[in-house]
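Q: Model the following, please.
(one chain, ligands or ions: 2)
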Amino acid sequence: MAASFESSASEIADARVVLLEAFRKEFFNFFGDEAVTKILDSIESGEIGREGLKSFFIQQIVATRSFLSLFEILVEQKQFPELQAAAASNLRDETGMDVEGNYHVELAHSTWRKNFYQHIGIAEERIDHAASTPGTKAYFDAIAELVSEGDIGKVAGALLFFEGIIPRQFNSFKKGRDTLFREECVDTDGDDAVQREAKQKARLYLDDHIVHDAQCHFPDLLNALVIATQSSETMLEKVKLGIALAKDARKKFYQGQE
Ligand SMILES: [Fe+2]
Ligand SMILES: [Fe+2]
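A: Numbers count the residues shown, from 1 in each chain. Ligands and ions are numbered 1, 2, ... in the order given. Sure thing, here's the model as predicted:
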């Protein structure tokens with residue numbers, strides 16, 4: 001008994017190392033890309049300008065419209081129960097659903113996003129009518145293809161990559177927000193309670209994602225994938241393909257913004 005437990009524990013440890021290595025390789029490739037660095041730097045420094053950052057945020061939301069479809073693919077499958085549970089939990093967070101299945105609109109990430117965008121002067125109407133940049137289109141099309149193919153391993157790998165890069169990207173967005181929209185988003189001594197509450201509500205979208213994706217969504221998905229890759233020989237290769245595919249798609253997003 002002890003021997004078999006040890007071997008399965010070491011297999012699990014191996015799978016975690018392999019998955020993390022695959023993720024890290026693409027993570028550094030992505031954040032080392034010239035186009036990605038250039039845009040994130042110009043956001044962080046504020047060089048992008050208020051209108052430039054608004055336009056970028058609009059493209060960001062247009063590009064990621066089909067993000068939740070990726071989770072739905074994992075929730076609907078029955079082959080990997082841990083993966084299904086991790087995706088379901090993530091999807092509940094996204095949509096503001098509690099454990100009893102009730103929706104709370106104020107907890108939905110789309111509501112947080114709307115609060116933030118509105119607060120800095122991006123009207124929903126502008127998003128609805130926004131023309132996609134070549135980068136947004138390339139990203140959107142790549143994800144649509146991934147969704148239509150519906151391969152569980154690739155989808156899970158892509159989501160692992162996306163959840164894993166959110167904190168670092170959003171941290172840059174946050175710095176840009178607090179530089180370019182300082183008056184709207186950063187508390188000052190003169191603010192009354194109403195102003196403070198409105199600012200805090202506006203900050204929630206970026207602030208919460210930086211913490212929650214690093215502490216929950218990424219590690220939860222990673223843990224589920226460590227187990228899923230034990231029971232299927234092809235799964236690990238598919239997950240790696242998904243990670244690389246997501247990296248390419250997200251890179252194209254940045255490369256095609258100018
Ligand atoms: Fe989210
Ligand atoms: Fe997330």
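Q: OK, contacts around L146?
A: By C-beta atoms under 8 Å, 6 or more residues apart in numbering, the residues touching L146 are 70, 154-155, 158, 242, 245, 249. From N, CA and C alone the C-beta is placed, and that goes for glycine too.
Q: Find the pair from those residues with maximum spatial separation.
A: By the measure C-beta to C-beta, V155 and A249 form the most distant pair in the contacts of L146, at 12.4 Å.
Q: Which one of those two is surrounded by more residues?
A: Legend: neighbour count by other C-beta atoms under 10 Å for V155 and A249, higher for V155 (28 against 22).
Q: how about the helix or strand harbouring that one: buried residues?
A: Per DSSP states H and E: V155 is located in helix 152-180. Within helix 152-180, the residues scored as buried using 16 or more other C-beta atoms under 10 Å are 152-167, 169-180.
Q: How about stretch 228-238?
A: Buried positions in stretch 228-238, judged by neighbour count with 16+ other C-beta under 10 Å: 228-230, 235-236, 238.
Q: what's the answer for stretch 213-230, then?
A: Quick answer for stretch 213-230 (16+ other C-beta under 10 Å): 213-214, 217-218, 220-226, 228-230.
Q: of those, list those near ligand 2.
A: 213, 217 (C-beta under 5 Å from the ion).
Q: Look through the stretch 51-200 of the chain and state the residue closest to ligand 2.
A: Closest residue of the stretch 51-200 of the chain to ligand 2, C-beta to the ion: E163 (5.0 Å).
Q: if you skip the residues just before and after it, what's nearest to the closest residue to ligand 2 within the stretch 151-258 of the chain?
A: Ligand 2 sits closest to H217 of the stretch 151-258 of the chain, with a gap of 3.6 Å, by C-beta to the ion. Excluding its sequence neighbours, the residue lying closest to H217 (C-beta to C-beta, 6 or more residues apart in numbering) is E163, at 4.4 Å.
Q: Return the residues in contact with that neighbour.
A: 90, 213, 217-218, 221.
Q: One more: A88?
A: Applying C-beta under 8 Å, 6+ apart, the residues near A88 are V75.
Q: Can you name the residues of this structure that neighbour ligand 2?
A: 163, 213, 217.
Q: Show me the shaky parts of the stretch 1-150 of the chain.
A: The stretch 1-150 of the chain contains residues with pLDDT under 70 at 1-7.
Q: Now do the helices in it.
A: Assigned by DSSP state H, counting those that start in this stretch, the helices in the stretch 1-150 of the chain fall at 2-31, 34-45, 50-63, 67-76, 81-95, 109-119, 124-128, 134-149.
Q: Of all those, which one comes closest to D208?
A: Of all the helices of the stretch 1-150 of the chain, helix 109-119 sits nearest to D208, with 6.9 Å by C-beta to C-beta.
Q: how near is the residue nearest to I61 when sequence neighbours are not counted to T64?
A: In space, and not counting its chain neighbours, I61 is closest to I127: 5.9 Å by C-beta to C-beta, 6+ apart. According to C-beta to C-beta, to the nearest Å, I127 stands 12 Å off from T64.
Q: cool, and E124?
A: Counting by C-beta to C-beta, the gap from E124 to T64 is 16 Å.
Q: quick one, which of the two is more surrounded?
A: T64 (17 against 11).
Q: Surely R203 touches F116?
A: Yes - counting by C-beta atoms under 8 Å, F116 is a contact partner of R203 at 7.4 Å.
Q: Filter the buried residues of stretch 213-230 down to the ones in helices?
A: Using DSSP state H, the subset of the buried residues of stretch 213-230 located in helices is 218, 220-226, 228-230.
Q: any chance of those residues in a markdown table, with pLDDT too?
A: Shown next, in a markdown table, are these (pLDDT from 0 to 100):
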| residue | pLDDT |
| --- | --- |
| F218 | 98 |
| D220 | 97 |
| L221 | 98 |
| L222 | 98 |
| N223 | 97 |
| A224 | 97 |
| L225 | 97 |
| V226 | 96 |
| A228 | 95 |
| T229 | 94 |
| Q230 | 90 |
